[in-house]
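> What shape does this take:
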Amino acid sequence: MRPGAAISFRLEASAHVTVSTLVAVESDGAAECRFTLTVRRGTKTLARTSVTRRAGESAIPVHLRARASSVVEIVLAVESRAADVWASWGSPWIGIANPFVRSVWRQARTVWDATGLAGLVAEAFQRAGAVVSDARGDAYVRWLGGERRARSTAAQARDAIAQWAYQPFFSVVVPPKREGVAGERLERCVASVEAQYYPNWELRREAPVAAALRAAKGEFVAFLGGEGELAPEALYEVVRALNVQPGADVAYSDEDRLENGRRCQPFFKPDWAPEYCLSRLYVGQLVVYRRRVIDELGEAVEERADSDAILLHAVERTSRIVHVPKVLWHAFDEPVRSALPALQHHVARSEHPATVAEGPRPRCYRVRWRIRGEPLVSIIIATRDRLHLVRRCLESIETKTRGVRYEIVIVDNGSVEEPTRRYLAGCGHTVVRDPTPFNFARLNNAGATHGRGEHLLFLNNDTEVIDEEWLTALLELSQQETIGAVGAKLYYPDGRLQHVGVVLGLFGEVAQVFRGAPGTDPGYFDSSVVVRNYSAVTGACLMTRREVFETVGGFDERFAVDYNDVDYCLRVRRGGWRVAFTPHARLWHHEFATRVRRVTDARRGLFRRRWASEIAADPYYNPNLSRRHVDFRPHA
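This is a model prediction of the structure:
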């Protein structure tokens, strides 16, 4: 919504009305925006609330409750003098307390269509990494309109290709007609290969696959099973990416589905995310492999070897994997084949024992890595007074933790209330006194020096453990040599999602994806219900190995309140480790129950200067999901 814009809803109610919405602001400058949320009947205002937000600050919820009767109007408005400031509202939630409501959202469909709210909500959720299209797919249709206008033509592609120093030859393997694969679809797949803008390819249709490979001449190989078709610029875009990263051994792209001749359900994927791959095998059908990698697989590539098995064999041999953030594959159907056998064979080949089970949704899986040895976890909790919070936190740990050795180090930041002091003195855990002014980074660093564990778990005092396996789930990942930090799934007390991961670049800075969504929301392509990679996780529940913590220098104490957790995760990634989120460690989080959040310009400036390049390009957040339009034109 731009300055001066407003959206109104009319509904008929006979009781209290509760309105909740999420507000975010973006601007090239430091302008402020004022938001108003109003409930009125006719010309009479029943309730009104306003909030002012600076551009770039994290999104916040705005709530309003009013007693309604008859027809009322709810108005969301944004006010600003700066023309370059705009605001996005998350999907408004309107609830009515009385069960005998005669009619709710009487004119909802009319308003939805007439005001363009569908597109507004779709864009807001795109920016939060949640939903890319509304129920009818209109948002994606509009996005495709911009894509088609900017898409390269064959002539433009030829001009660009002529400037490339690297023009590899491709062998595209498509099976011949066989039982179980519709002939028409196979021929459509073949036709899409023949329509490629990039000219250096051959089509191999021998059976079995091994025979096709023996005859193949390409430096790169793509296996297409006939379950979809290529975009005409597919190989062109892959080669363009290979000219930027000529050492890549594997390349994959984004994709969507064809349904009744219409493109829908786009999957805008992250860059290479190993933990997400094991949880969902998200890479998809269009995968291009360097021939050398395929030759190394030997018997793994045979007539019955499926695409999942080939992918998992390949990524065991190379980490040079490039993601092309363009929709280059159009699937005919959702995949129905289970990848469980391929994953089971993959973990069996690993040096670390693990089991694999079906996940909570189709094509989702859970790899459970066996805990090696008997490591000690130091749980570090900074607190000050608020006895009800810290007691609840400690009791939930003590009663619900199973199968992991742990110790608790409490850093008391100057508690003055006598009940708290008495409780901490007799709680049976290590208590470190630190009465200096509040600095969350320093308190955690101090706690780490008093802990004895090989793993450090930084935990807010306003959290509460839900499941017995929470610590095991974190430790399964923290023990992996390639993972440096692990975060948990946090819920607000009312059951909504509070944290499943942090992405960079949203609202010009950082954001927690799916924040405020229903607790059962699976997230964008199951991102909130499976283990996956993010650029950062919240420090409210963050596990890291001591060796990693000491190598990167702990938390930066210049970030006394905000950014210290994200900054830590980014330094972990800079050190060569990955950051992972697990939905299997679940906790309640009474966010900011102890401290009032204050973000200073100095800390924000330091964070933005230090991580400007990372904010501009988060590898785990696809650029197609941002507000910026992706350039589809060819580049030399």
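
> Flag the shaky bits of the stretch 151-300 of the chain, pLDDT-wise.
For the stretch 151-300 of the chain, the stretches with pLDDT under 70 are 152, 178-182.

> And the helices in it, which stretches?
Counting by DSSP state H, counting those that start in this stretch, the stretch 151-300 of the chain has helices at residues 154-161, 183-194, 209-215, 234-244, 274-280, 291-297.

> Show me the one of these that comes nearest residue 419.
helix 274-280 (42.9 Å; Cβ to Cβ). Any C-beta I mention is one placed from the backbone N, CA and C, and that applies to glycine too.

> Give the other helices and strands that that closest one contacts.
Where contact means 3 or more Cβ pairs under 8 Å, 6 or more residues apart in numbering; DSSP states H and E, helix 274-280 is packed against helix 307-315, strand 365-369, strand 532-533, strand 578-589.

> Kindly reformat these as TSV containing mean neighbour count.
Output for the helices and strands packed on helix 274-280, formatted as TSV (neighbours: other Cβ atoms under 10 Å):
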stretch	mean neighbour count
helix 307-315	21
strand 365-369	20
strand 532-533	24
strand 578-589	24
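
> Turn the ones you listed into JSON lines, including mean pLDDT.
Below are the helices and strands packed on helix 274-280 laid out as JSON lines (pLDDT from 0 to 100):
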{"stretch": "helix 307-315", "mean pLDDT": "93"}
{"stretch": "strand 365-369", "mean pLDDT": "97"}
{"stretch": "strand 532-533", "mean pLDDT": "98"}
{"stretch": "strand 578-589", "mean pLDDT": "97"}
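
> of all the helices of the stretch 151-300 of the chain, which lies closest to residue 367?
Using Cβ to Cβ, the helices of the stretch 151-300 of the chain put helix 274-280 closest to residue 367, at 5.0 Å.

> next one: that closest one to chain centre, how far?
For helix 274-280, the gap between its own C-alpha mean and the chain's C-alpha mean amounts to 13 Å (Cα atoms, centre = their mean, to the nearest Å).

> residues in contact with that helix?
By Cβ atoms under 8 Å, 6 or more residues apart in numbering, the list of residues contacting helix 274-280 from outside reads 270, 282-283, 311, 315, 343, 346, 359, 363-367, 477, 482-483, 525-527, 530-533, 578, 580.

> ditto for stretch 338-358
Stretch 338-358 is contacted from outside by 278, 281, 306, 308-309, 312-313, 316, 363-370, 372, 480, using Cβ under 8 Å, 6+ apart.

> re earlier: so which of the helices of the stretch 151-300 of the chain is nearest residue 542?
Among the helices of the stretch 151-300 of the chain, helix 274-280 comes nearest to residue 542, with 15.8 Å by Cβ to Cβ.

> C-alpha coordinates for that closest one, PDB please?
Extracted as PDB, the C-alpha positions of helix 274-280 are listed here (Å, rounded to 0.1, in the frame of the first residue of the first chain):
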ATOM      1  CA  PRO A 274      21.800 -30.100   2.000                       C
ATOM      2  CA  GLU A 275      19.500 -30.600   5.100                       C
ATOM      3  CA  TYR A 276      16.500 -29.500   3.100                       C
ATOM      4  CA  CYS A 277      17.400 -31.900   0.300                       C
ATOM      5  CA  LEU A 278      17.400 -34.800   2.800                       C
ATOM      6  CA  SER A 279      14.100 -33.700   4.200                       C
ATOM      7  CA  ARG A 280      12.300 -33.100   0.900                       C
END
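
> Next, the buried residues of it.
274-280 (16 or more other Cβ atoms under 10 Å).

> What of stretch 160-174?
160-161, 164, 168, 170-174.

> What about residue 263, how many residues nearby?
If you count neighbours by other Cβ atoms under 10 Å, residue 263 ends up with 18.

> brain fart, residue 418
Residue 418: 9 surrounding residues under other Cβ under 10 Å.

> Please report how far it lies from residue 385.
Here residue 418 is placed at a distance of 10 Å from residue 385 (Cβ to Cβ, to the nearest Å).

> For the residue nearest to residue 498 when sequence neighbours are not counted, give me the backbone phi and psi.
Leaving aside its chain neighbours, residue 498 sits nearest to residue 490 (4.3 Å; criterion: Cβ to Cβ, 6 or more residues apart in numbering). Phi and psi for residue 490, reported as degrees, to the nearest 10, are phi -110, psi 140.

> What's opposite residue 490 in the beta bridge?
Going by DSSP bridges, residue 490 is paired in beta bridges with residue 499, residue 587.

> so what's it up against?
Taking Cβ under 8 Å, 6+ apart as the test, what residue 490 contacts is 463, 497-500, 538, 540-541, 586-589.
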